[in-house]
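K.L.:
Fold the following and give me the result.
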Amino acid sequence: MEGWRLPIILLCLLCCAEVSVAVYKQWIPSTNFEDVSNWDKNRTPSETDIVMFDSNKMVSVYVGSSHVLTGAYLPLDGEFILASGSGFAAFDGASDPSSDLGHNIHFLSADRYSWYDPILWHTDLEYSDHLFSVDAELIPCRQDDVVFPPETSFRVDLGAGGRTINLHSISILGQKFNTNQELAAYLTSSTGKLQFHGAGSLRLAPDPCEDPSGCECGNDEVESWICASLLQTSGGRCPKPACQGALKPVGQCCKICGAILFLNYNQAFDLQQYKQRLFQTFLDPPQASGVRMAISKVHRAPTLRGSRHTGHGKRQAESTTQIQLVLTDDGTELEAGRAAIDVAQAILTDIAEQGAAFGVLRGDVEYSGSKGSTAELTGASLTSGLVTGLAIALVLGLMVLLGGLLLLHRTGRVRLWPLPIPTLWQRSEPASDQGNQSFDNPIFGDPAPPSVLDPDPAVKVVFEDASSPTIPTRTSGTYFTNPLFETDI
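P.N.:
Here you go, the predicted structure:
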């Protein structure tokens, strides 16, 4: 059953070669009669088995070979698609089916398969050993080509919310639909009704993604549905990450260990070209063994805290479209995410040096674990940031030194030279009161007349005789005693 898939894949790739970011997604589960996962005994029915289909379940079943059965209970609304040379035959000597329940084998309900379950889709990724997709992009995006393989039957639930699922194209049983009219006619057929159910609908948008920087997936609205389907097998909860400070990328259901980079770009940016550079320069070398990356265009909410970034430009102030790089690795326990962080740091350095040549203006990064929460750094300020840090450290050091000296001075261990501290904030007195100001002379101990430092320009001092000093006069009425000419000598 696997031999037919390679030609189909190659055909799809050839048809989509003209699209710069063409991606196809293939539906995995089937309702084939020979698929052992469709039976409760996990095996294909044998000649001694009685096949049991639920009478109230709608189903389409592809039969690829001949089978001998003891008996069968068929659904009231269903179909069997028989391949060339296939069919059913009755087993000779079969007992009454109603009396031999020990050999009953039940066909499991096909209604359990949801369009929004990421594990039910296979995505064609170049360099799949090093690249992966975030959870929201594991199901078909609006620019993707969807393939339901030929020679298979299936039944898929399109969801209960009535949402319209937009696609670029869809291939069903080897027939490719490119227009809504063709697809609508098929979906209303008896086979189409058995294959697709639920309140959702399919719509084709033939225009491919022609933006060299890539296109957004468009699954933001149904991310909660995707995560609910993905986490059903784990009890609805994400597994505990192996690192501290794990990160949650845009479009990812659970947190990861490693790093997330958000790139701002200009018109020169080409997603495929830059992906090639990232793979060849940072992911392919042996030192990056075990590191995997997801790259896509996302709509990012405003940054609520600082983030380390390299390049040029202002910090993000409002929601914007950016290129998201998610880096994780296969490390465990204390080593989880460390190899991915090393690769992210190398990419940041490359952006600072070569980003402009690829149309990358700036890169913001967040790290998990002990290597970082977030910080801020621009390529233009690699040196200025260091200088600023040293200046801040110097100021803090001086403040600590002065505080220590003042503390020692107050405790009497260090005597500081008295320095005048001007009280610049003191309110000045009215001019009429300045003439009555006085001070005590610390040399003679007696109260001194008003200060000679009074800035009154009318002061006039006269000495008529050196042997008999006179009292100096001033028009302002202030005076002082000259200690060199005391009368009591």
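
K.L.:
so where's the stretch 201-350 of the chain shaky on pLDDT?
P.N.:
302-319 (pLDDT under 70).

K.L.:
Where do the helices of it begin and end?
P.N.:
Applying DSSP state H, counting those that start in this stretch to the stretch 201-350 of the chain gives helices spanning 223-230, 271-278, 338-354.

K.L.:
right, and the helix or strand after the longest one?
P.N.:
Per DSSP states H and E, the first helix or strand lying C-terminal to helix 338-354 is strand 360-367.

K.L.:
Can you give the strand pairings for that following strand, parallel or anti for each?
P.N.:
Looking at strand 360-367 with DSSP bridges, its partner strands are strand 258-265 (antiparallel), strand 308-311 (antiparallel).

K.L.:
sorry, back to before: got a markdown table for the helices of the stretch 201-350 of the chain, with distance to residue 121 and mean neighbour count too?
P.N.:
For glycine as for every other residue, the C-beta is placed from the backbone atoms N, C-alpha and C. Formatted as a markdown table, those follow (distance: least, CB to CB, whole Å; neighbours: other CB atoms under 10 Å):
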| stretch | distance to residue 121 | mean neighbour count |
| --- | --- | --- |
| helix 223-230 | 11 | 18 |
| helix 271-278 | 21 | 17 |
| helix 338-354 | 25 | 20 |
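
K.L.:
Rebuild those helices as TSV, extending it with distance to residue 77.
P.N.:
Output for these, formatted as TSV (distance: least, CB to CB, whole Å):
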stretch	distance to residue 77
helix 223-230	26
helix 271-278	46
helix 338-354	51
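
K.L.:
do you know which of those lies nearest residue 122?
P.N.:
helix 223-230 (15.1 Å; CB to CB).

K.L.:
what's that closest one packed up against?
P.N.:
Here helix 223-230 touches no other helix or strand, going by 3 or more CB pairs under 8 Å, 6 or more residues apart in numbering; DSSP states H and E.

K.L.:
Can you give the contact residues for it?
P.N.:
Residues from elsewhere that reach helix 223-230 (CB atoms under 8 Å, 6 or more residues apart in numbering): 114, 116-119, 135-136, 138-139, 159, 161, 219, 236, 251, 253.

K.L.:
Narrow those to those that are buried.
P.N.:
114, 116, 117, 118, 135, 136, 138, 139, 159, 219, 251, 253 (16 or more other CB atoms under 10 Å).

K.L.:
and the least confident of those residues?
P.N.:
In terms of pLDDT, the weakest of the buried ones among the contacts of helix 223-230 is residue 159, which scores 90.

K.L.:
Distance-wise, check the nearest residue to it once chain neighbours are set aside relative to residue 39.
P.N.:
Distances taken as CB to CB, 6 or more residues apart in numbering place residue 200 nearest to residue 159, at 4.1 Å, with adjacent residues excluded. Distance from residue 200 to residue 39, counting by CB to CB, to the nearest Å: 28 Å.

K.L.:
Likewise for residue 55?
P.N.:
With distances taken as CB to CB, residue 55 is found 17 Å from residue 39.

K.L.:
More neighbours: which of the two?
P.N.:
Of the pair residue 55 and residue 39, residue 39 is the one with more neighbours under other CB atoms under 10 Å, namely 19 against 11.

K.L.:
Show the contacting residues for residue 189.
P.N.:
Contacts of residue 189 by CB under 8 Å, 6+ apart: none found.

K.L.:
If you could redo that for residue 198, that was the one I meant.
P.N.:
Residue 198 makes contact with 115, 157, 158, 159, 160, according to CB under 8 Å, 6+ apart.

K.L.:
Make CSV from those residues and add secondary structure to it.
P.N.:
Output for the contacts of residue 198, formatted as CSV (DSSP: H, G, I helix; E, B strand; the rest coil):
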residue, secondary structure
115, coil
157, strand
158, coil
159, coil
160, coil
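
K.L.:
just the buried members of those residues?
P.N.:
By neighbour count, with 16+ other CB under 10 Å, those hold 115, 157, 158, 159 as buried.

K.L.:
Please report the number of neighbouring residues for the residue nearest to residue 361 when sequence neighbours are not counted.
P.N.:
Spatially, and ignoring its direct neighbours in sequence, residue 361 is nearest to residue 264 (4.4 Å; CB to CB, 6+ apart). By the measure other CB under 10 Å, the count of residues near residue 264 is 22.

K.L.:
who's residue 264 bridged to?
P.N.:
Bridge pairing for residue 264 - DSSP bridges - gives residue 362.

K.L.:
wait, it sits on residue 322?
P.N.:
Yes: look at residue 264 against residue 322 with CB atoms under 8 Å: they come within range, at 6.1 Å.

K.L.:
Surely residue 75 is in contact with residue 51?
P.N.:
No: counting by CB under 8 Å, residue 75 does not reach residue 51; the two are 10.9 Å apart.

K.L.:
Could you pull up the contacting residues of residue 337?
P.N.:
Counted by CB under 8 Å, 6+ apart, residue 337 has contacts 242, 243, 256, 257, 258, 259, 328, 329, 331, 367, 368, 369.

K.L.:
can you pull the contacts of the third one?
P.N.:
It refers to residue 256. Here residue 256 is in contact with 241, 246, 247, 248, 249, 326, 328, 337, 368 (CB under 8 Å, 6+ apart).

K.L.:
which non-adjacent residue is nearest the fourth one?
P.N.:
By that I understand residue 248. Closest to residue 248 by CB to CB, 6+ apart is residue 255, at 4.8 Å.

K.L.:
Distance-wise, check residue 212 relative to residue 71.
P.N.:
61 Å.

K.L.:
next one: residue 200
P.N.:
Residue 200 is 37 Å from residue 71, by CB to CB.

K.L.:
Repeat that for residue 258.
P.N.:
56 Å.

K.L.:
which ones are touching the residue nearest to residue 87 when sequence neighbours are not counted?
P.N.:
Computed as CB to CB, 6+ apart, the closest residue to residue 87 that is not its neighbour in sequence is residue 66, at 5.3 Å. Contacts for residue 66 (CB under 8 Å, 6+ apart) come out as 85, 86, 87, 88, 89.

K.L.:
In terms of distance to residue 341, which of these ranks first?
P.N.:
residue 86 (54.7 Å).

K.L.:
since we're on the nearest residue to residue 339 once chain neighbours are set aside, how many residues are nearby?
P.N.:
When the adjacent residues along the chain are set aside, residue 339 lies closest to residue 329, with 4.3 Å between them (CB to CB, 6+ apart). By the measure other CB under 10 Å, the count of residues near residue 329 is 24.

K.L.:
In this structure residue 329 contacts residue 287, no?
P.N.:
No: contact criterion CB under 8 Å: residue 329 and residue 287 do not qualify, at 11.6 Å.

K.L.:
just to revisit the earlier point, out of the contacts of residue 337, flag the one nearest to residue 351.
P.N.:
residue 259 (13.2 Å).

K.L.:
follow-up on the earlier one: which of residue 258 and residue 71 has more neighbours?
P.N.:
Neighbours were counted for residue 258 and for residue 71 using other CB under 10 Å; residue 258 has more, 29 against 18.
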